[in-house]
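[1] here you go, sequence then predicted model.
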Amino acid sequence: MNGGPGVFGDGTPIPDRAPGDQPGHAELVARELGRIRARDEAVALAEAARMAGEHEPLVLGPYLAGAVKAPEPARGLRIAHGGPRVLYPGKEHAVIGEMESGKGWFAAACAAAECRAGRVTVYLHFEEIDPTGLIDQMRMCGAHDEEIADYLLFVGVEERRGMGKLVALHPDLVIIDGVNEAMSLYGHKVREEDGAANFRREVVKPFTAVGAAVLSADHVAKDSETRGRYALGSVHKGNALNGAMFLLETVQPFGRLARGMSRVYVTKDRPGHLRTAGVPTRLPGKTWIGDMVVDARLDAPPEAAGLVLYPARPAPDRPVLTPEERAEIARQELDDQVFAAVLSIIDHGQEANVNRVTAVVKRRKTHVSESLVRLAYGLEPRLTETKIGQLKIYAKPVPADDVVLD
């Protein structure tokens, strides 16, 4: 008995076709439309889940009260003779230049400075899986092996992987060496604005969100007349930076056992602190902040050996110094550090010798030895030297009034 249109008497639906019959065109179209609707609904649900809540305005009270302040450059390499450091915490930076202009040295110097300060550096190298060259450069920049071992995390990137574990370490500095190679590996077009933006969202912003200063090493266009102030590829690479961009121009080639130099310019400084330490050039937006010198000669003066970023100009209250005057100031500073180290070692009940003083001061042993000689045999000796076999022991001279006569 029929219970109504399309339904048997017991309420069971009447099938449209007999068993074994093939579905008609209308049924196939209906199925495909159903799949499309289901897919669209799934996409809409996923998008709704991704967009958490509604946009809300920021509470400006803490900013107006001065509780939240703009960052100052407190990471990376420091400009010599009292200058600022070059990187802002929680901001994105880039160092660009032609091949062999010193981009690797600049990055290594920033990594060395952070490791010496006991802060964690993640070095993502997209063009090299062997850290040997970086370690040699960091040693030249003053970092000791134990500091490198404790605070440098080197990753030679050969395939696309997540950054979650590295982000969870909350590093203080992240260096991306080989930006174009990195963008290609992660599937982003170098010369397209979306490519730079998507790469930044995927690789850079997770680190800046946890307070890391991010420094990318990048190339410039070959034509010096048309390259402008930005890196090779989309101008969005530079436009979206919220920290600083550094341009290196070679003055004297770098080399093994040689002295090389590059002039360092800031071509973007959104927080604005670095430009105040530099000298404007004829090109708007291009500020000379110093000269990066790497002196690897065996006979390099102690105060100039290694890497030094010399300032473009002295501070307003500091007179212009000759190279000889700068060398004398550096010697005096080293002597003060060595003298304080000797007193500290003695206070801890140990004999002060050159090896122990070197371990405290963390400078080259030859430089420490020369300082000890100046302190013991200068016009006004501040230390005494006692030789026990081949070992030289240093101590503070006993005042004449304290000498007990037999």
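    Ah, there it is. Numbers count the residues shown, from 1 in each chain.
[2] my read is that His367 contacts Leu334, right?
    Yes. Contact criterion Cβ atoms under 8 Å: His367 and Leu334 qualify, at 6.5 Å. No exception for glycine: its C-beta is placed from N, CA and C like everyone else's.
[3] show the contacting residues for Ala112.
    Ala112 sits next to 137-138, 141-143 when contact means Cβ atoms under 8 Å, 6 or more residues apart in numbering.
[4] next SSE after the helix or strand containing Ala42?
    Assigned by DSSP states H and E, Ala42 belongs to helix 25-50. Where DSSP H and E defines the elements, the next helix or strand beyond helix 25-50 is helix 61-64.
[5] and the next element down the chain from that following helix?
    Taking DSSP H and E, what comes next after helix 61-64 is strand 75-78.
[6] so how far is that next one from its chain's centroid?
    Distance of strand 75-78 from the chain centroid (Cα atoms, centre = their mean, to the nearest Å) equals 8 Å.
[7] and that strand, what other elements does it pack with?
    Secondary-structure packing of strand 75-78 (3 or more Cβ pairs under 8 Å, 6 or more residues apart in numbering; DSSP states H and E): strand 85-87, helix 103-116, strand 213-219, strand 306-311.
[8] report the angle between whichever strand or helix holds Ile329 and strand 306-311.
    Per DSSP H and E: Ile329 is located in helix 323-347. For helix 323-347 against strand 306-311, the angle by axes from the mean of the first three to the mean of the last three Cα atoms, to 10 degrees is 120 degrees.
[9] please renumber the chain so that the first residue is 25 from this point on.
    Happy to do that; since the first residue is 25 now, the last one works out to helix 347-371.
[10] in the helix or strand following helix 347-371, what counts as buried?
    The helix or strand immediately downstream of helix 347-371 is helix 378-385, counting by DSSP H and E. Neighbour-count burial for helix 378-385 flags 378, 380-382, 384-385 (criterion: 16 or more other Cβ atoms under 10 Å).
[11] repeat that for stretch 146-164.
    For stretch 146-164, burial by neighbour count (16+ other Cβ under 10 Å) applies to 146-150, 152, 155, 158-159, 161-162, 164.
[12] quick one on the thing from earlier: reformat the contacts of Ala136 as JSON lines; add secondary structure and pLDDT.
    Shown next, in JSON lines, are the contacts of Ala136 (DSSP: H, G, I helix; E, B strand; the rest coil; pLDDT from 0 to 100):
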{"residue": "Gln161", "secondary structure": "helix", "pLDDT": "95"}
{"residue": "Met162", "secondary structure": "helix", "pLDDT": "96"}
{"residue": "Cys165", "secondary structure": "coil", "pLDDT": "94"}
{"residue": "Gly166", "secondary structure": "coil", "pLDDT": "92"}
{"residue": "Ala167", "secondary structure": "coil", "pLDDT": "94"}
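[13] widest-spaced pair of the residues you listed?
    Pairwise distances across the contacts of Ala136 (Cβ to Cβ) peak at 10.8 Å, for the pair Gln161 and Gly166.
[14] which residues touch stretch 349-361?
    Contact with stretch 349-361 is made by 105, 325-328, 345, 385, 387, 391-392, 395, 398-399, 406, as judged by Cβ under 8 Å, 6+ apart.
[15] and what of stretch 180-195?
    144-146, 148-150, 152-155, 177, 179, 198, 206, 209-211, 227, 230-231, 233-236.
[16] still on that earlier bit, what about the buried residues of stretch 146-164, which are in helices?
    Under the assignment DSSP state H, the buried residues of stretch 146-164 contribute 158-159, 161-162, 164 to helices.
[17] what angle do the helix holding Ile353 and helix 378-385 make?
    Orientation check (the same axes, to 10 degrees): helix 347-371 against helix 378-385 gives 110 degrees.
[18] for helix 347-371, what is the average pLDDT?
    Helix 347-371 shows a mean pLDDT of 85.
[19] what about that helix, distance to the chain center?
    Averaging C-alpha positions (Cα atoms, centre = their mean) puts helix 347-371 29 Å from its chain's average.
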